[in-house]
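Enquirer: quick one: sequence plus predicted model below, questions after.
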Amino acid sequence: MVDRVACQDATAQMAVLQFMTSGMPKVSVPTTIHCDHLICAEKGAECDLAKAKEENREVYEFLRGASQKYGMGFWKPGSGIIHQIVLENYAFPGGLMIGTDSHTPNAGGLGMVACGVGGADAVDAMVGLPWEVLCPKVIGIQLTGQLRGFASPKDVIMHILGKLTTAGGTDCVLEYFGEGCESLSATGMATICNMGAELGATCSVFPYTESMARYLRATNRAFITNIASSPSLQSGLLAADPKVLQRPRRYYDKVLRVDLSKVEPAAVGPYTPDRHSVLGRRGLGQLLKDNPKIPQKVSFGLIGSCTNSSYEDMTRVADLIHQAHSAGIKPAAPLAVSPGSEQIRATLERDGILDRMSLMGNATHLANACGPCIGKWKRNDGTKKEEYNTIVTSFNRNFRARNDGNPNTQGFLASPETVALLSITGRLDFDPAKDQLTTPDGAPFCFRPPVGAELPPGGFAKSAESGYLPPPSDREHLRVDIDPKSDRIQELQPFDAWDGQDFADCPVLIKIKGKCTTDHISPAGVWLKFRGHLQNISQNLLRGGVNCVSGKANTAKNQFTGEWGETQSVAHDYKQRNVRWVIIGDTNYGEGSSREHAALEPRYLGCAAVIAKSFARIHATNLRKQGILALQLVNPADYEKLSPDARIHIRGLAALEPGKPVTIEAHTPNSAAPVIVQASHGMNEQQIGWFKAGSCLNYIKAQLKQRA
């Protein structure tokens, strides 16, 4: 059983709607909801927060009311980003947590096993059922040395991404060990664990260290430190055994060694978090030469997100800004900063750090929220629609059009320090270790490596309003009402159970070419407002998926009319015809966010199966949870044999067994014989039960009914 469940507001809506159908009077494990995803960044913290509260009033009231009714803690809009709040209040060494956000592993910075899941997985735990996950392999990452110069923890995980790629951690736990761990702060380790999600990892975790103890004490949890610091826990449970440290290759499935003293400051991108380039001419400079469409000029810098919004991050950024200001250097690009929580913001204000950041002149203080990281960013810097421009962010994802909706924005991920440096200089290829600027009086100027504070010397400030609303003890009289006319919240209707027949004559909606993340399948940004309304949000299905025939995104050929149209429009037509259909995907289909809408939407519109070379872990589970077959080709080369205009027959469904492949027949017009390939369904006995019931939720309801 898990110790805790955490949900952010965009995914919590569907999780709560699913939980409500269970009939349970309250959640069975401690659960919190965090309002951080729906706040749009535009003018600044105060204005943006007020606007968000008004625009999203119905959603916030629904989540608040459901939290009160079903015994969940509620963190109001403006209180902070889910993973920073969890780190400050709930994470603890040795705990097990799941969260409806793919960056839940952030809590691994405090030694917690924390995994991102879809909403249906969270509901399993919320109703008191065991949470299951495919038994992962374990990759041991041995850290030696200490970071030097301008390098930061963000550079460590980007270095690892460059080595392992976005699929390199799929179905694996990343376990860090070695003396290098002792040199990192708790929030620095959280940054590294956070972006393990970009590797596809189940979770990432660090051994218990003294920096964790310092952080726990600073956040009023000394009692946990007293327990975790006991010799029996440190040697037996919260750190690798001595024999593992002596012979790691004998115990880990794979070992990667990283010398922290050799890690260089870098950036990754554009369009993918594993395209790694070190700073300067031999890295980003060479990238610019090889890709002339990428502008050298930095148009905007964004600092924040759940990955990098700690006190330590912000003080190091403030030091660099102060260096430039003291030399009379004026910033070349605007900068926007999002503190991770109200506690961080209040502390930064008290300690004068926000004032230091304002020295940049064109820096904007945004709300304590995700904002641009999740696509809630209304740019007002003069950048034109679809203009090629370069931005640098301290975020964790940089998929095409993710931040501002512009497919031609070249997004690069970097440490907060690097974002500040490149925003000040305005050059993507600037190397702070080698390059210099010129002051207004003509003198040369070089940056010094930034200095920050791991923790605030005066302790964390107490804000007048923490933003937390605990559930009341008396809840029986409370009601959660949903307006049937609402375009934001819609009651869920159960999906039909499997009819016992093989799927036959299913048209291919689209054959995807290349990367297809959950951002491509169910974009965020402006669509976030419909996350609680399945019918409305299904209008965005596969808007980013590139069709292998047209080479364009959001295009599909209707096999009944012969006409081309938007992918979701063709899917809606098939639904009206009562026709089940399939998607053919490429490699690592569904990487990225844990958003289960990327599975709910195709299920709602009639998808029977997704056939792909390979799947990202969370998305494959989400598909199975909603009764969609996630079929991985036994031979990935068979992808080329499957025609986008084929009719698909999936055989052997009545005899589904764990480990037994299914047969796919692809019947193509003007072809005498069908193409026959084998695919793995990847389901265990219980998951086969989900499929037969029509969804995991249907299966759970039947189980709960039997219990009663």
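Expert: Looks like it came in fine. Residues are numbered from 1 along each chain as shown.
Enquirer: buried sites along the helix or strand hosting Val173?
Expert: Using DSSP states H and E, Val173 sits in strand 172-177. Neighbour-count burial for strand 172-177 flags 172-177 (criterion: 16 or more other C-beta atoms under 10 Å). The C-beta positions use only the backbone N, C-alpha and C, and glycine is treated the same way.
Enquirer: now distance to Thr518 too, for those, in TSV please.
Expert: Putting the buried residues of strand 172-177 into TSV (distance: C-beta to C-beta, whole Å) gives the following:
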residue	distance to Thr518
Cys172	19
Val173	21
Leu174	21
Glu175	26
Tyr176	26
Phe177	31
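Enquirer: from the residues you listed, which single one is nearest Ser28?
Expert: Comparing these against Ser28 with C-beta to C-beta picks out Val173 as the nearest, at 25.2 Å.
Enquirer: residues near Gly627, how many?
Expert: Gly627: 24 surrounding residues under other C-beta atoms under 10 Å.
Enquirer: just for the stretch 601-708 of the chain, where's the confidence low?
Expert: Scanning the stretch 601-708 of the chain for pLDDT under 70 picks out 708.
Enquirer: in it, which spans are strands?
Expert: 607-612, 629-633, 647-651, 662-667, 675-680 (DSSP state E, counting those that start in this stretch).
Enquirer: in the fourth one, which residues are buried?
Expert: Okay, so that is strand 662-667. For strand 662-667, using 16+ other C-beta under 10 Å, the buried residues are 662, 664-666.
Enquirer: just send those back as CSV, with distance to Val392 too.
Expert: Shown next, in CSV, are these (distance: C-beta to C-beta, whole Å):
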residue, distance to Val392
Val662, 46
Ile664, 44
Glu665, 49
Ala666, 44
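Enquirer: so what's the residue count around Lys557?
Expert: That count, for Lys557 with other C-beta under 10 Å as the rule, works out to 21.
Enquirer: shaky segments in the stretch 201-350 of the chain?
Expert: Flagging of the stretch 201-350 of the chain using pLDDT under 70 yields the residue ranges 232-235.
Enquirer: quick one: the strands in it?
Expert: Using DSSP E, counting those that start in this stretch, strands in the stretch 201-350 of the chain cover 203-205, 254-259, 266-268, 276-278, 298-303, 335-337.
Enquirer: ok, which of those strands comes nearest Asn406?
Expert: Closest among these, using C-beta to C-beta: strand 298-303, at 10.6 Å.
Enquirer: buried residues in the lengthiest helix in the chain, which are they?
Expert: Counting residues, the longest helix in the chain under DSSP state H turns out to be helix 311-326. Of all the residues in helix 311-326, those buried under the rule 16+ other C-beta under 10 Å are 311-325.
Enquirer: so which of these is the closest to Ser695?
Expert: Asp313 (40.8 Å).
Enquirer: circling back: could the strands of the stretch 201-350 of the chain go into CSV alongside mean neighbour count and distance to Ser550?
Expert: Compiled in CSV, those are given as follows (neighbours: other C-beta atoms under 10 Å; distance: least, C-beta to C-beta, whole Å):
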stretch, mean neighbour count, distance to Ser550
strand 203-205, 28, 38
strand 254-259, 16, 39
strand 266-268, 26, 29
strand 276-278, 21, 31
strand 298-303, 27, 30
strand 335-337, 25, 36
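Enquirer: just to revisit the earlier point, show me what the strand holding Val173 is packed up against.
Expert: Using 3 or more C-beta pairs under 8 Å, 6 or more residues apart in numbering; DSSP states H and E, the elements in contact with strand 172-177 are strand 137-144, helix 186-194, strand 203-205.
Enquirer: so for it, mean pLDDT?
Expert: The pLDDT scores in strand 172-177 average 98.
Enquirer: relative to Leu642, how far out is the closest residue to Ala41 other than its chain neighbours?
Expert: Using C-beta to C-beta, 6 or more residues apart in numbering and skipping the chain neighbours, the partner closest in space to Ala41 is Gly371 (3.6 Å). Separation of Gly371 from Leu642 (C-beta to C-beta, to the nearest Å) stands at 40 Å.
Enquirer: and if you look at Tyr60?
Expert: For Tyr60, the distance to Leu642 equals 45 Å [C-beta to C-beta].
Enquirer: then Thr225?
Expert: For Thr225, the distance to Leu642 equals 56 Å [C-beta to C-beta].
Enquirer: out of the buried residues of strand 662-667, which is nearest to Gln576?
Expert: So of those, ranked by how close each gets to Gln576 (C-beta to C-beta), first place is Ala666, at 24.4 Å.
Enquirer: tell me where the stretch 1-150 of the chain has helices.
Expert: Here the stretch 1-150 of the chain has its helices, by DSSP state H, counting those that start in this stretch, at 9-20, 45-55, 57-70, 82-89, 119-126.
Enquirer: quick one on the thing from earlier: the strands of the stretch 201-350 of the chain: which one's closest to Phe560?
Expert: Between the strands of the stretch 201-350 of the chain, strand 266-268 lies closest to Phe560; by C-beta to C-beta that is 42.9 Å.
Enquirer: list the neighbouring strands of the closest one plus their orientation.
Expert: In the sheet, strand 266-268 lines up against strand 276-278 (antiparallel), strand 409-414 (antiparallel) (DSSP bridges).
Enquirer: let me know which of those strands is the nearest to Asn220.
Expert: Per C-beta to C-beta, nearest to Asn220 of the strands paired with strand 266-268: strand 409-414, 32.3 Å.
Enquirer: what mean pLDDT does that closest one get?
Expert: Mean pLDDT, strand 409-414: 98.
Enquirer: separation between the residue nearest to Ala41 and Gly94?
Expert: Distance from Gly371 to Gly94, by C-beta to C-beta: 33 Å.
Enquirer: these two: which is more packed in?
Expert: Applying other C-beta under 10 Å to Gly371 and Gly94 shows that Gly371 carries more neighbours, namely 29 against 17.
Enquirer: what's the residue nearest to Ala213 when sequence neighbours are not counted in contact with, if anything?
Expert: Excluding its sequence neighbours, the residue lying closest to Ala213 (C-beta to C-beta, 6+ apart) is Thr225, at 4.5 Å. By C-beta atoms under 8 Å, 6 or more residues apart in numbering, the residues touching Thr225 are 212-213, 216-217.
Enquirer: again, but for Ile329
Expert: By C-beta under 8 Å, 6+ apart, the neighbours of Ile329 are 424, 437, 439, 445.
Enquirer: and if you look at Asp487?
Expert: Taking C-beta under 8 Å, 6+ apart, we find Asp487 in contact with 530, 533, 536.
Enquirer: how about those in CSV, adding neighbour count and distance to Ser204?
Expert: Shown next, in CSV, are the contacts of Asp487 (neighbours: other C-beta atoms under 10 Å; distance: C-beta to C-beta, whole Å):
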residue, neighbour count, distance to Ser204
Phe530, 22, 32
His533, 19, 34
Asn536, 16, 35
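Enquirer: any idea how far Ile583 is from Ala6?
Expert: Counting by C-beta to C-beta - Ala6 and Ile583 are separated by 30 Å.
Enquirer: re earlier: want to throw the strands paired with strand 266-268 into CSV with distance to His520?
Expert: Below are these laid out as CSV (distance: least, C-beta to C-beta, whole Å):
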stretch, distance to His520
strand 276-278, 22
strand 409-414, 15
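Enquirer: could you identify which of the contacts of Ile329 has the most neighbours?
Expert: Among these, Ile424 has the most neighbours (other C-beta under 10 Å), with 26 neighbours.
Enquirer: just how off-centre is stretch 31-46 within its chain?
Expert: 16 Å (C-alpha atoms, centre = their mean, to the nearest Å).
Enquirer: Glu248: how many residues sit nearby?
Expert: Wrong residue type there; residue 248 is Pro, not Glu. Neighbour count of Pro248, defined by other C-beta under 10 Å: 19.
Enquirer: now do the contacts for it.
Expert: Applying C-beta under 8 Å, 6+ apart, the residues near Pro248 are 140, 142, 177, 255.
Enquirer: residues in contact with the residue of the chain positioned farthest from its centre?
Expert: Ranked by distance from the centre of the chain (C-alpha atoms, centre = their mean), the top residue is Asp441, with 45.7 Å. Counting by C-beta under 8 Å, 6+ apart, Asp441 makes contact with Gly328.
Enquirer: secondary structure element for it?
Expert: Per DSSP H and E, there is no helix or strand for Asp441.
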